[in-house]
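> structure, please.
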Amino acid sequence: MDRTRRRRTGTLTGAVAALALTLTGLTGAGAASAADTGTRAVPKHAVTGYWQNFDNGAQVQKLGDVQDEYDIIAVSFADATGTPGEVTFNLDSAGLGGYTVDQFKADIKAKQAAGKSVIISVGGEKGAVSVNDAASANAFADSVHKLMQEYGFDGVDIDLENGVNSTYMTQALKSLSGKAGSGLVLTMAPQTIDMQSTSTEYFKTALAVKDILTVVNMQYYNSGSMLGCDGKVYSQGTVDFLTGLACIQLENGLAPSQVGIGVPASSSAAGGGYVAPDVVNNALDCLAKGTGCGSFKPSKTYPDIRGAMTWSTNWDASAGSAWSKSVGAHVHGLP
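Numbering: from 1, shown residues only. Next up is the predicted model:
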């Protein structure tokens, strides 16, 4: 996700062949139980939406305007400081029509009173946050915790699209968890290439923090073709792409409750990979119940799958909230 109308549009198909061997034998690892997750207040089936702290052509929203269907609202984005690993947050009051910090904080409390979680997202396509040593890991944990105290955020979303060091990001998140306690909401939004194999730094991080991890909402878009868990190549924008790639995470260490499907809210929200809401719903049904599948059908079902994510609540609003009305109702209706 980034601050422009579209995210990165480059195709990653060239990486597919190189990754083919890494998938061999992975699908037998087995998924963790749902009891391994560290979530508390997040619903069993949840919808995550990114709220834009900037105006990029999508409908401008105050946090209080975010559609009721969203259970987790990721405020996009925290900003890097001059200290490696450290982040801060600067409300774009001017770009959001004079929205004040006091109004923003009040809206966070109101959303939480309505049962929602509001978290701060770190990264985006242009994010420059780097956690590559012990000092920056400490700076990250300390600064995110400070933002949680200052604004009332429930946790953090990791959307670092320019590289993750699993050793030190794990250290940072474990440290943050120790400061924030068991109620911490921790989400991640890796790109597809980052979750093709358990040997990637992002996947390694997710597995290392699975005891405190709420959900991984991989970005199933701006990707090109990728390998599914059966070793076959699937093209973005299809139900098979969503189910075949989700299967990799579901069968290699993450609990079903820690897996979500991330998609654009409209064709304007991404450079490629948009799918209609009914395709998302079919993919969720395929994974949860074994119905609605395309050519790929998982060998078992995952009724505890967490749900879906979209970029962004603003682009959703621009399209009449068609995505949240359809996918939101479907996610909340899962068994």
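
> doesn't residue 157 fall inside a strand?
Yes: looking at residue 157 with DSSP: H, G, I helix; E, B strand; the rest coil, it is inside a strand.

> burial count for it?
Per other CB atoms under 10 Å, the neighbour tally for residue 157 reads 30. To be clear about C-beta, it is placed using only N, CA and C from the backbone, and glycine gets the same treatment.

> could you measure it against residue 64, distance?
20 Å (CB to CB, to the nearest Å).

> do the same with residue 105
Residue 105 is 11 Å from residue 64, by CB to CB.

> helix or strand for residue 149, just tell me which one.
helix 134-151 (DSSP states H and E).

> quick one, helices of the stretch 1-150 of the chain?
14-23, 101-113, 134-151 (DSSP state H, counting those that start in this stretch).

> quick one, which of the ones you listed gets closest to residue 295.
Proximity of the helices of the stretch 1-150 of the chain to residue 295 was assessed by CB to CB; the nearest stretch is helix 14-23, lying at 17.4 Å.

> ok, for residue 293, nearest residue in space, not its chain neighbours?
Nearest residue to residue 293, sequence neighbours excluded (CB to CB, 6 or more residues apart in numbering): residue 286, at 3.9 Å.

> against which helices or strands is whichever strand or helix holds that neighbour packed?
In this assignment (DSSP H and E), residue 286 forms part of helix 277-289. Where contact means 3 or more CB pairs under 8 Å, 6 or more residues apart in numbering; DSSP states H and E, helix 277-289 is packed against helix 239-250, strand 259-264, strand 307-311, helix 329-332.

> for this structure, what helix or strand is lowest in average pLDDT?
Lowest by mean pLDDT, DSSP states H and E among the helices and strands of the chain is helix 14-23, with a mean of 39.

> strands of the protein, start to end?
46-52, 72-76, 79-80, 87-88, 117-124, 155-160, 185-188, 215-219, 226-227, 233-234, 259-264, 307-311 (DSSP state E).

> just send these back as CSV, with distance to residue 200 too.
As requested, the strands of the chain are exported to CSV (distance: least, CB to CB, whole Å):
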stretch, distance to residue 200
strand 46-52, 22
strand 72-76, 22
strand 79-80, 23
strand 87-88, 23
strand 117-124, 16
strand 155-160, 13
strand 185-188, 12
strand 215-219, 12
strand 226-227, 13
strand 233-234, 18
strand 259-264, 16
strand 307-311, 19
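
> could I get the ones you listed as CSV with mean pLDDT and distance to residue 148?
Output for these, formatted as CSV (pLDDT from 0 to 100; distance: least, CB to CB, whole Å):
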stretch, mean pLDDT, distance to residue 148
strand 46-52, 98, 16
strand 72-76, 98, 11
strand 79-80, 94, 16
strand 87-88, 96, 11
strand 117-124, 93, 8
strand 155-160, 95, 7
strand 185-188, 98, 10
strand 215-219, 98, 18
strand 226-227, 96, 34
strand 233-234, 97, 38
strand 259-264, 98, 22
strand 307-311, 98, 21
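
> those: which one's closest to residue 96?
strand 46-52 (8.9 Å).
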